[in-house]
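Engineer: Sequence first, predicted model second:
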Amino acid sequence: GMPVEQNPPALSLYEGADSGLRCNFSTTMKSVQWFQQNHRGRLITLFYLAQGTKENGRLKSTFNSKERYSTLHIKDAQLEDSGTYFCAAEADSGYNKLTFGKGTVLLVSP
Amino acid sequence: EAAVTQSPRSKVAVTGGKVTLSCHQTNNHDYMYWYRQDTGHGLRLIHYSYVADSTEKGDIPDGYKASRPSQENFSLILELASLSQTAVYFCASSGLGQDTQYFGPGTRLLVL
(Lines give C-alpha, C1' and ligand atoms only; values in the text may rest on other atoms or scores of the structure.)
Protein backbone atom coordinates (compact mmCIF):
# COMPACT_ATOMS: atom_id res chain seq x y z
CA GLY A 1 0.00 0.00 0.00
CA MET A 2 0.84 3.66 0.07
CA PRO A 3 3.70 4.55 2.41
CA VAL A 4 1.60 7.32 3.99
CA GLU A 5 -2.17 6.98 4.28
CA GLN A 6 -3.93 10.14 5.43
CA ASN A 7 -7.53 10.31 6.64
CA PRO A 8 -10.05 11.68 6.27
CA PRO A 9 -9.68 13.11 2.74
CA ALA A 10 -12.08 15.89 3.64
CA LEU A 11 -13.55 17.28 6.83
CA SER A 12 -16.22 19.88 7.58
CA LEU A 13 -16.41 21.48 11.01
CA TYR A 14 -18.39 24.24 12.65
CA GLU A 15 -16.55 26.93 14.52
CA GLY A 16 -15.69 25.79 18.00
CA ALA A 17 -15.66 22.09 17.19
CA ASP A 18 -12.81 19.69 17.89
CA SER A 19 -11.54 17.04 15.50
CA GLY A 20 -8.54 15.01 14.49
CA LEU A 21 -6.62 13.90 11.45
CA ARG A 22 -4.58 10.73 11.21
CA CYS A 23 -1.72 9.35 9.15
CA ASN A 24 -0.82 5.68 9.07
CA PHE A 25 2.54 4.51 7.79
CA SER A 26 3.27 1.27 5.98
CA THR A 27 6.74 1.11 7.46
CA THR A 28 8.66 2.51 10.40
CA MET A 29 9.26 6.22 9.98
CA LYS A 30 11.95 8.28 11.63
CA SER A 31 9.96 11.48 11.94
CA VAL A 32 6.85 13.28 10.77
CA GLN A 33 5.99 16.83 9.82
CA TRP A 34 2.54 18.36 9.61
CA PHE A 35 1.79 21.24 7.24
CA GLN A 36 -1.12 23.50 6.53
CA GLN A 37 -1.47 24.67 2.95
CA ASN A 38 -3.32 27.95 2.88
CA HIS A 39 -5.54 29.45 0.20
CA ARG A 40 -2.49 30.97 -1.48
CA GLY A 41 -0.86 27.56 -1.76
CA ARG A 42 1.82 28.31 0.80
CA LEU A 43 2.99 25.41 2.99
CA ILE A 44 3.15 26.34 6.64
CA THR A 45 5.01 24.02 8.97
CA LEU A 46 2.89 23.15 12.00
CA PHE A 47 4.93 20.47 13.72
CA TYR A 48 8.05 18.39 13.42
CA LEU A 49 8.11 15.28 15.62
CA ALA A 50 10.67 12.54 16.06
CA GLN A 51 8.60 11.05 18.88
CA GLY A 52 5.91 11.87 21.40
CA THR A 53 3.51 14.77 21.50
CA LYS A 54 3.74 18.50 20.83
CA GLU A 55 1.22 21.26 21.35
CA ASN A 56 0.96 24.71 19.89
CA GLY A 57 -2.08 26.72 20.86
CA ARG A 58 -5.16 24.89 19.66
CA LEU A 59 -3.15 22.28 17.78
CA LYS A 60 -1.70 19.08 19.17
CA SER A 61 0.21 16.37 17.36
CA THR A 62 1.36 12.90 18.33
CA PHE A 63 3.79 10.57 16.60
CA ASN A 64 4.10 6.91 17.50
CA SER A 65 6.86 5.37 15.42
CA LYS A 66 6.41 1.87 16.81
CA GLU A 67 2.66 1.83 16.08
CA ARG A 68 3.25 3.60 12.76
CA TYR A 69 0.87 6.53 13.03
CA SER A 70 0.65 10.21 13.69
CA THR A 71 -2.30 12.40 14.60
CA LEU A 72 -3.11 16.10 14.43
CA HIS A 73 -5.84 17.33 16.76
CA ILE A 74 -7.55 20.67 16.23
CA LYS A 75 -9.36 22.16 19.18
CA ASP A 76 -11.95 24.94 19.01
CA ALA A 77 -11.77 25.19 15.21
CA GLN A 78 -11.70 28.69 13.72
CA LEU A 79 -12.47 29.93 10.24
CA GLU A 80 -8.78 30.57 9.58
CA ASP A 81 -8.03 26.88 10.16
CA SER A 82 -9.61 26.11 6.79
CA GLY A 83 -7.13 24.74 4.26
CA THR A 84 -5.45 21.52 3.33
CA TYR A 85 -3.43 19.64 5.92
CA PHE A 86 -0.61 17.31 4.99
CA CYS A 87 1.45 14.91 6.98
CA ALA A 88 4.87 14.00 5.61
CA ALA A 89 7.09 11.31 7.02
CA GLU A 90 10.78 10.60 6.78
CA ALA A 91 11.90 7.01 6.49
CA ASP A 92 15.16 6.10 8.12
CA SER A 93 17.08 6.43 4.86
CA GLY A 94 18.95 9.66 5.46
CA TYR A 95 18.89 13.11 3.90
CA ASN A 96 15.55 14.04 5.47
CA LYS A 97 13.55 12.95 2.42
CA LEU A 98 9.80 13.30 2.97
CA THR A 99 6.91 11.19 1.71
CA PHE A 100 3.64 13.07 1.79
CA GLY A 101 0.11 11.93 2.44
CA LYS A 102 -2.59 13.03 0.01
CA GLY A 103 -3.92 15.63 2.42
CA THR A 104 -7.09 16.47 4.28
CA VAL A 105 -9.20 19.35 3.02
CA LEU A 106 -10.64 21.10 6.07
CA LEU A 107 -13.52 23.54 5.83
CA VAL A 108 -14.56 25.41 8.95
CA SER A 109 -17.94 27.08 8.76
CA PRO A 110 -19.61 29.67 11.01
CA GLU B 1 11.99 31.59 10.09
CA ALA B 2 14.09 30.03 7.32
CA ALA B 3 13.93 31.83 4.00
CA VAL B 4 13.52 29.95 0.74
CA THR B 5 12.67 31.85 -2.42
CA GLN B 6 11.70 30.58 -5.86
CA SER B 7 11.65 32.12 -9.30
CA PRO B 8 9.67 32.50 -11.36
CA ARG B 9 6.48 32.30 -9.33
CA SER B 10 4.54 31.26 -12.38
CA LYS B 11 5.40 30.31 -15.93
CA VAL B 12 3.72 29.27 -19.13
CA ALA B 13 5.85 27.03 -21.33
CA VAL B 14 5.36 25.32 -24.68
CA THR B 15 5.60 21.59 -25.16
CA GLY B 16 9.13 20.62 -26.09
CA GLY B 17 10.64 23.79 -24.71
CA LYS B 18 13.24 24.09 -21.98
CA VAL B 19 12.22 25.32 -18.54
CA THR B 20 14.46 26.22 -15.63
CA LEU B 21 13.06 26.76 -12.15
CA SER B 22 15.32 28.39 -9.58
CA CYS B 23 15.50 28.15 -5.82
CA HIS B 24 17.58 30.19 -3.40
CA GLN B 25 17.98 29.78 0.35
CA THR B 26 19.78 32.04 2.78
CA ASN B 27 19.85 29.70 5.75
CA ASN B 28 23.16 27.95 5.26
CA HIS B 29 21.28 24.66 4.87
CA ASP B 30 23.06 21.65 3.44
CA TYR B 31 20.03 19.84 2.02
CA MET B 32 17.76 21.09 -0.73
CA TYR B 33 14.80 19.43 -2.44
CA TRP B 34 12.44 19.78 -5.38
CA TYR B 35 8.88 18.51 -5.13
CA ARG B 36 5.89 18.69 -7.44
CA GLN B 37 2.27 18.95 -6.41
CA ASP B 38 -0.57 17.98 -8.69
CA THR B 39 -4.06 19.26 -8.11
CA GLY B 40 -5.66 17.51 -5.17
CA HIS B 41 -2.55 15.60 -4.21
CA GLY B 42 0.36 15.74 -1.84
CA LEU B 43 3.91 16.57 -2.83
CA ARG B 44 6.25 14.10 -4.49
CA LEU B 45 10.04 14.29 -4.41
CA ILE B 46 11.77 14.84 -7.77
CA HIS B 47 15.42 15.51 -6.93
CA TYR B 48 17.41 16.45 -3.88
CA SER B 49 20.92 17.50 -2.99
CA TYR B 50 22.96 17.20 0.18
CA VAL B 51 26.01 19.14 -0.97
CA ALA B 52 26.95 21.63 -3.66
CA ASP B 53 27.83 20.19 -7.09
CA SER B 54 25.96 16.97 -6.33
CA THR B 55 22.34 15.93 -6.94
CA GLU B 56 20.38 12.76 -6.28
CA LYS B 57 17.25 11.26 -7.80
CA GLY B 58 14.08 11.32 -5.76
CA ASP B 59 10.94 9.29 -6.28
CA ILE B 60 9.86 10.72 -9.65
CA PRO B 61 13.01 11.99 -11.46
CA ASP B 62 12.09 11.07 -15.04
CA GLY B 63 11.95 14.10 -17.32
CA TYR B 64 13.79 16.34 -14.87
CA LYS B 65 17.37 17.32 -14.19
CA ALA B 66 18.72 19.24 -11.22
CA SER B 67 21.70 21.45 -10.62
CA ARG B 68 23.28 22.60 -7.34
CA PRO B 69 26.00 25.10 -8.30
CA SER B 70 26.35 26.44 -4.77
CA GLN B 71 25.03 25.74 -1.30
CA GLU B 72 22.44 28.51 -1.70
CA ASN B 73 21.09 27.65 -5.15
CA PHE B 74 19.27 24.64 -6.53
CA SER B 75 17.68 24.54 -9.99
CA LEU B 76 15.20 22.19 -11.60
CA ILE B 77 15.51 21.78 -15.36
CA LEU B 78 12.92 20.45 -17.76
CA GLU B 79 14.85 19.90 -21.00
CA LEU B 80 11.76 18.99 -23.05
CA ALA B 81 8.67 20.16 -21.23
CA SER B 82 5.57 18.00 -21.60
CA LEU B 83 1.90 18.51 -20.83
CA SER B 84 2.15 16.07 -17.92
CA GLN B 85 4.64 18.36 -16.19
CA THR B 86 2.00 20.98 -15.56
CA ALA B 87 2.03 21.27 -11.77
CA VAL B 88 3.09 23.43 -8.85
CA TYR B 89 6.75 22.98 -7.95
CA PHE B 90 8.07 23.49 -4.45
CA CYS B 91 11.64 23.87 -3.31
CA ALA B 92 12.65 23.15 0.27
CA SER B 93 15.76 23.16 2.40
CA SER B 94 16.85 21.66 5.69
CA GLY B 95 19.97 21.71 7.75
CA LEU B 96 22.18 18.82 8.74
CA GLY B 97 20.85 17.64 12.07
CA GLN B 98 17.87 20.00 11.78
CA ASP B 99 15.25 17.82 10.22
CA THR B 100 12.48 20.36 9.68
CA GLN B 101 12.12 21.21 6.02
CA TYR B 102 11.36 24.79 5.07
CA PHE B 103 9.44 25.34 1.87
CA GLY B 104 9.47 28.08 -0.72
CA PRO B 105 6.26 29.69 -2.01
CA GLY B 106 5.99 27.43 -5.04
CA THR B 107 6.15 27.93 -8.82
CA ARG B 108 3.04 27.33 -10.85
CA LEU B 109 4.03 25.84 -14.23
CA LEU B 110 1.59 25.47 -17.10
CA VAL B 111 2.80 23.57 -20.16
CA LEU B 112 0.73 24.11 -23.30
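Structural biologist: Arrived safely. Numbers count the residues shown, from 1 in each chain, chains lettered A, B, ... in the order given.

Engineer: Low-confidence ranges, chain A, go.
Structural biologist: For chain A, the stretches with pLDDT under 70 are A:1.

Engineer: From A:Asn38, how far off is A:Phe86?
Structural biologist: Distance, A:Phe86 to A:Asn38, by Cβ to Cβ, to the nearest Å: 12 Å. Every C-beta, even on glycine, is put in place using the N, C-alpha and C of the backbone.

Engineer: Please disregard the earlier target; I meant A:Asp76.
Structural biologist: 19 Å.

Engineer: just B:Ser54 next, same as before
Structural biologist: Relative to A:Asn38, and taking Cβ to Cβ, B:Ser54 is found at 33 Å.

Engineer: quick one: which of the two has more around it?
Structural biologist: Neighbours per residue (other Cβ atoms under 10 Å in any protein chain shown) separate B:Ser54 from A:Asn38, with A:Asn38 holding more: 13 against 10.

Engineer: Would you confirm that that one contacts A:Gly83?
Structural biologist: Yes - with contact defined as Cβ atoms under 8 Å, A:Asn38 reaches A:Gly83; the gap is 5.1 Å.

Engineer: List the residues that contact the residue lying closest to B:Val14 once chain neighbours are set aside.
Structural biologist: Spatially, and ignoring its direct neighbours in sequence, B:Val14 is nearest to B:Leu112 (5.9 Å; Cβ to Cβ, 6 or more residues apart in numbering or on different chains). B:Leu112 makes contacts with B:Val12, B:Ala13, B:Val14, B:Thr15, B:Leu83, as judged by Cβ atoms under 8 Å, 6 or more residues apart in numbering or on different chains.
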